[in-house]
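In: give the three-dimensional model of this entry:
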Amino acid sequence: MSTNHNIQLINDFNSTFDLDIGTNYITVKNNVAIAAAVTAYARIHMIPLKLMDGTIYSDTDSIITSDILSDNMIGILIIL
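Out: Here you go, the predicted model:
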């Protein structure tokens with residue numbers, strides 16, 4: 001199993017800078033590229049809502065607006 005830290009780099013830092021950084025971190029399986037792509041996809045779909053005059057706040061998954069939204073815009077679930 002792969003780890004989410006570089007043991008050799010940690011050992012180099014420890015010896016170069018007289019540190020005692022441990023290497024007992026929890027392994028995390030993640031993919032930054034996928035997370036960035038999903039967030040970008042959500043932002044693209046939020047652009048029309050952000051451009052409405054009544055938009056007060058928006059995030060990647062929500063909007064606060066003083067405009068009246070049509071029924072088809074409420075509770076939208078997009079599954080990739």
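In: give the contact list for Ala33.
Out: Neighbour list for Ala33: empty [criterion: C-beta atoms under 8 Å, 6 or more residues apart in numbering]. To be clear about C-beta, it is placed using only N, CA and C from the backbone, and glycine gets the same treatment.
In: that one sits in which helix or strand?
Out: Using DSSP states H and E, Ala33 maps to helix 32-50.
In: so how far is Ile47 from Ser62?
Out: Counting by C-beta to C-beta, to the nearest Å, the gap from Ser62 to Ile47 is 14 Å.
In: over to Tyr57?
Out: For Tyr57 relative to Ile47 (C-beta to C-beta), the value is 15 Å.
In: so the chain: which segments form each domain?
Out: 1-30, 33-80 (automatic domain parsing).
In: what ranges does this structure have for its strands?
Out: Assigned strands in the chain, in chain order: 55-58, 63-65 (criterion: DSSP state E).
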